[in-house]
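Engineer: sequence unavailable; structure follows:
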């Protein structure tokens, strides 16, 4: 067994190693980082247990062959496009945390810092978008308890977003995302003492949540991003439903066959796909039986009609109770 402090590994093209490596080392408080262009060469440098392995989609298959030797390691993939093979890999290998958008200008540093920190310190509280975006970002929070309050919150998201300078089209997209996030948090997440869903059977019903079931919806806006976070206290959203639902929905869209869409459990699979498909960054944080945080982020610097053709990010992070 390898002894020593937890380490990280980075296997990507040589020209990108320096910038990505600096960001990882800073986020991990100086944890040792092995770098290179060859997966075996990078792993041969390790002198401690591997906690995070960052690579690109061209090297992912080779990296996954080595994973059984490093059962504690998490894998982050720098990708230009999240296609079916990458989603399939995420389903087959739970060590894959997700995919970070590799754009023409590289990665968003705050994203890489975020996922590095989560891999190296899984017991830390999941960060909200307000924690991740620029200092001075504006935030508004809602705690809807009834179906009527859900609808009020959705309308308020659109109004408040426009007051923060968001254009009408993006504000409407944010309202649509807020509705889906709240439907998942209010109808799909709550369970009774036996673990049985309480409200998922009829998503059209008017409901009133118990005080300990109420979710939090948070809108955060800075100069470059608009983010929505929905948090519930149940921690029941499994990674298979996230990656599997998105994969099946993509297949259904391309084949025009509704039979492959994941519409179980109140339609969460298709709803999650819609959230992923309209976001620049889509992340799910789960502390089992304690918390689910689903975050949807738009890039305000990109025209919305161009967003779907650009690289996007997708993460599933499972934390541990403090």
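Structural biologist: Ah, there it is. From a predicted model like this one, the values you see are computed outputs, not experimental measurements.
Engineer: use CA for all of it now, contacts and neighbours both
Structural biologist: OK.
Engineer: show me what contacts the spatially closest residue to residue 210 that is not a sequence neighbour?
Structural biologist: Spatial nearest neighbour of residue 210, excluding adjacent residues (C-alpha to C-alpha, 6 or more residues apart in numbering): residue 145 at 7.6 Å. Residue 145 makes contact with 208, 209, 210, 211, 214, 215 under the criterion C-alpha atoms under 8 Å, 6 or more residues apart in numbering.
Engineer: of those, closest to residue 116?
Structural biologist: The shortest approach to residue 116 among the contacts of residue 145 belongs to residue 215, at 27.1 Å (C-alpha to C-alpha).
Engineer: quick one, grab the pLDDT at the residue lying closest to residue 28 once chain neighbours are set aside.
Structural biologist: Ranked by C-alpha to C-alpha, 6+ apart and with sequence neighbours excluded, the top spatial neighbour of residue 28 is residue 117, at 5.8 Å. We note a pLDDT of 96 for residue 117 in this prediction.
Engineer: repeat that for residue 301.
Structural biologist: On the pLDDT scale, residue 301 gets 87.
Engineer: hang on, isn't it packed against residue 222?
Structural biologist: No - using C-alpha atoms under 8 Å, residue 301 makes no contact with residue 222, being 11.0 Å away.
Engineer: who has more neighbours out of the two?
Structural biologist: residue 222 (18 against 10; other C-alpha atoms under 10 Å).
Engineer: determine the next helix or strand in the C-terminal direction from whichever strand or helix holds residue 240.
Structural biologist: Using DSSP states H and E, residue 240 sits in helix 239-255. Per DSSP H and E, the first helix or strand lying C-terminal to helix 239-255 is helix 268-278.
Engineer: got the angle for the helix or strand following that following helix vs helix 268-278?
Structural biologist: Sequence order places strand 281-287 as the next helix or strand after helix 268-278, per DSSP H and E. With axes from the mean of the first three to the mean of the last three C-alpha atoms, to 10 degrees applied, the angle from strand 281-287 to helix 268-278 works out at 140 degrees.
Engineer: quick one: the strands in this protein?
Structural biologist: In the chain, the strands defined using DSSP state E lie at 7-11, 33-36, 50-56, 74-79, 96-101, 138-142, 216-221, 225-232, 281-287, 291-299, 313-318.
Engineer: okay, those strands in a markdown table with mean neighbour count next?
Structural biologist: As requested, the strands of the chain are exported to a markdown table (neighbours: other C-alpha atoms under 10 Å):
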| stretch | mean neighbour count |
| --- | --- |
| strand 7-11 | 25 |
| strand 33-36 | 20 |
| strand 50-56 | 24 |
| strand 74-79 | 24 |
| strand 96-101 | 26 |
| strand 138-142 | 16 |
| strand 216-221 | 23 |
| strand 225-232 | 25 |
| strand 281-287 | 24 |
| strand 291-299 | 24 |
| strand 313-318 | 22 |
